[in-house]
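1. A structural model of the following input is requested.
(one chain, ligands or ions: 1)
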Amino acid sequence: GFKMGIVGLPNVGKSTLFNALTKTAAAQAANFPFCTIEPNVGEVNVPDDRLDKLAAIAGSKEIIPTRMTFVDIAGLVKGASKGEGLGNQFLANIREVDAIAHVLRCFDDGDVTHVEGRVNPVEDAEVIETELMLADLESIEKRLQNIVRKVRGGDKEAVQQERLMRAAQEALEAGRPARTVKVDEEDRKAWNMLQLLTTKKILYVCNVDESDAASGNAYSQAVEKMAAEQGAASVVISAKIEEEISQLDADDMQMFLEELGLKEAGLDRLIRAGYELLHLETYFTVGPKEARAWTIREGTRAPQAAGVIHGDFERGFIRAETIPYDDYIALGGESGAKEAGKMRAEGKTYQVKDGDVLHFLFNA
Ligand code: GDP
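-> Numbering: from 1, shown residues only. Below is the predicted model of the structure:
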């Protein structure tokens, strides 16, 4: 599955947000109880109305949403790359995630201490980014010595690696994150293997007070501007509201949100923003037993999409019977879609589309 790491300075609302995410009624849905993999890792259902509609038509007994993993990466402070705070161990945690949800304090509250003694989310973002850049620089410098030795020894792959490392080093030394380096398509794989922290995509999460949840505030506007300049994403959320509504059932939650002038829970927007940032899509498998959603990267071909369900599905892939979501709904389900000629047989090169209802045929 896909993993988002939650980072941010101390006292910005990370734990509040993480608790809300993982304790929410949706996350604890009966068929997939919230599982604590580790104290700081939680899996969350990805909200998707389409799944309920499909299940209603097919009369599915069970509804199984797709899941996203969140990791609460606490302990990132100024000096983390030098081993301050909880230091390097946490930088290692960040290496494993697909994207970073960077929580920024966008609320004033004299009772909540700010580690820098002032509220300024844009500068906070820079503090964390600087630590990540320093960590990248250090890891590159360490690896470069080794690579240079290999290049001297005539290792062809090492030549490419050295070139990419030097490009990253140059950017980082100039105070630019590694994601600003232009990478050619043929270098993409080797570049990704460097696993640099500052090549991860970032979703800035503006944590605002309850009263600013609907409209945002000057702080969150400053963050949005910064995010736009960096090509990053941003969402406005009130972690406190999310914590409160995580305890409510669906009807009460809707009422509470309406009173605050909100259309949906911030967590739903957060998860959706994570989906967009990572270019993720959902396909469905639907039958009388269960209706289930699965996550893939945009552009994934049918066999690899099948592989998300089980490795055997990918290895023995024959074809995918495919019904687009809209046709499935409009034609009242599988047999209606079939009669209307809207069920297609797709082969190995088919790129699965968001919302496809799929049935895989494979050699066991
Ligand atoms: P962490 O250190 O980043 O995990 O921060 P916490 O989630 O523990 O939050 C630190 C403090 O800020 C707690 O006392 C929270 O109740 C408080 N807090 C979190 N979000 C908000 C908010 O939106 N407004 C206000 N006023 N306080 C908040």
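2. who does the nearest residue to residue 328 once chain neighbours are set aside bridge with?
-> Distances taken as Cβ to Cβ, 6 or more residues apart in numbering place residue 357 nearest to residue 328, at 4.9 Å, with adjacent residues excluded. (Each C-beta comes from the backbone N, C-alpha and C, glycine too.) Here residue 357 sits in beta bridges with residue 284, residue 323, going by DSSP bridges.
3. ok, now how distant is residue 357 from residue 227?
-> 35 Å (Cβ to Cβ, to the nearest Å).
4. Comparing the two, which residue is more hemmed in?
-> Shown here are residue 357 and residue 227; by other Cβ atoms under 10 Å, residue 357 has more neighbours (24 against 20).
5. Verify the stated contact: the more buried one with residue 287.
-> No - here residue 357 does not reach residue 287: they are 10.0 Å apart, not a contact under Cβ atoms under 8 Å.
6. What distance do you get for residue 74 to residue 110?
-> For residue 74, the distance to residue 110 - Cβ to Cβ - is 23 Å.
7. what about those two, which has more around it?
-> A count of neighbours by other Cβ under 10 Å puts residue 74 above the other of residue 74 and residue 110, at 17 against 6.
8. Now for that one: which residues touch it?
-> 10, 14, 15, 40, 86, 90 (Cβ atoms under 8 Å, 6 or more residues apart in numbering).
9. Weed out the non-buried ones from the residues you listed.
-> Among these, those scoring as buried are 14, 15, 40, 90 (criterion: 16 or more other Cβ atoms under 10 Å).
10. After the helix or strand containing the last one, which helix or strand is next?
-> In this assignment (DSSP states H and E), residue 90 forms part of helix 88-95. Next helix or strand after helix 88-95 toward the C-terminus (DSSP H and E): strand 99-105.
11. So what are the sheet partners of that following strand and their directions?
-> strand 2-7 (parallel), strand 201-207 (parallel).
12. Can you classify residue 175 as helix, strand or coil?
-> At residue 175, secondary structure determined by DSSP: H, G, I helix; E, B strand; the rest coil is coil.
13. And it, how close does it get to residue 44?
-> In terms of Cβ to Cβ, residue 175 sits 35 Å off from residue 44.
14. more neighbours, the two?
-> residue 44 (22 against 10).
15. For residue 283, list the residues it contacts.
-> Residues near residue 283 by Cβ under 8 Å, 6+ apart: 293, 294, 296, 305, 352, 353, 354, 355, 356, 357, 358.
16. how about these in JSON lines, adding secondary structure?
-> As requested, those are exported to JSON lines (three-state DSSP):
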{"residue": "293", "secondary structure": "strand"}
{"residue": "294", "secondary structure": "strand"}
{"residue": "296", "secondary structure": "strand"}
{"residue": "305", "secondary structure": "helix"}
{"residue": "352", "secondary structure": "coil"}
{"residue": "353", "secondary structure": "coil"}
{"residue": "354", "secondary structure": "coil"}
{"residue": "355", "secondary structure": "coil"}
{"residue": "356", "secondary structure": "coil"}
{"residue": "357", "secondary structure": "strand"}
{"residue": "358", "secondary structure": "strand"}
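17. nearest to the ligand, of these?
-> Using Cβ to the nearest ligand atom, residue 293 comes nearest to the ligand of those, at 29.6 Å.
18. Can you name the residues of the stretch 151-300 of the chain sitting close to the ligand?
-> Residues of the stretch 151-300 of the chain lying near the ligand by Cβ under 6 Å from any ligand atom: 207, 209, 238, 239, 240.
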